[in-house]
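All I have is the shape, not the residue letters:
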């Protein structure tokens, strides 16, 4: 089974999501999207697979969102995608793709809904928050 995470190693939510995937027994393909941004076609595929509006994928914090005026509702979806491709930091993360679905994993435990083995016991996030995923599967 192939799992792909569009990851930013500087993001705690992204690191926690990656750690949850690994704790479930899977080793994902890790795409550091700031170094290797998706193509327009790939970004549109992900948005379609997540079934979210383009605007829902925009990240505001720590990005040029405000200086570009992206809060203005007159921006078209195509123009917003153009901005995400020009400034990949505008793409919210992490995005995880599995055979069970594709999801923007904010909060990180949203990944559990699309993992093949989401019940791997207790997981402790970097900040100490405990996530109970259910009983681990018997070996």
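Perfect, I can see it now. Keep in mind that this is a model prediction, so the values were computed, not measured.

so where is the chain shaky, pLDDT-wise?
Counting by pLDDT under 70, the ranges of the chain that qualify are 1, 136-139.

What segments of it are helices?
Defined through DSSP state H, the helices belonging to the chain, from first to last, are 12-23, 40-50, 65-68, 77-86.

If we go by neighbour counts, what in the second one is buried?
Residues 43, 46, 47, 50 are the ones in helix 40-50 that count as buried (16 or more other C-beta atoms under 10 Å). For the C-beta atoms, the positions are set from N, CA and C on the backbone; glycine is no exception.

hmm, which two among the residues you listed are most spread apart?
Of all pairs drawn from these, the one with the largest separation by C-beta to C-beta is 43 and 50; the distance is 10.8 Å.

What separation do you get for the closest residue to residue 87 other than its chain neighbours and residue 15?
Distance criterion C-beta to C-beta, 6 or more residues apart in numbering; nearest residue to residue 87, sequence neighbours excluded, is residue 64 at 5.6 Å. Computed as C-beta to C-beta, to the nearest Å, the residue 64 to residue 15 distance reads 23 Å.

And these two? Which one has more around it.
Between residue 64 and residue 15, residue 15 has the larger neighbour count (other C-beta atoms under 10 Å), namely 17 against 14.

measure that one to residue 109 for me?
Computed with C-beta to C-beta, the distance linking residue 15 and residue 109 is 13 Å.

Same check on residue 75?
Taking C-beta to C-beta as the measure, residue 75 and residue 109 are separated by 31 Å.

Assess the claim that residue 4 and residue 31 are in contact.
Yes - Residue 4 lies in contact with residue 31 (C-beta atoms under 8 Å); the separation is 6.2 Å.

about what we covered before: got a list of what the residue nearest to residue 87 touches?
Residue 64 makes contact with 87, 89, 90, according to C-beta atoms under 8 Å, 6 or more residues apart in numbering.

how does it look with 10 Å?
By C-beta atoms under 10 Å, 6 or more residues apart in numbering, residue 64 lies in contact with 70, 83, 86, 87, 89, 90.
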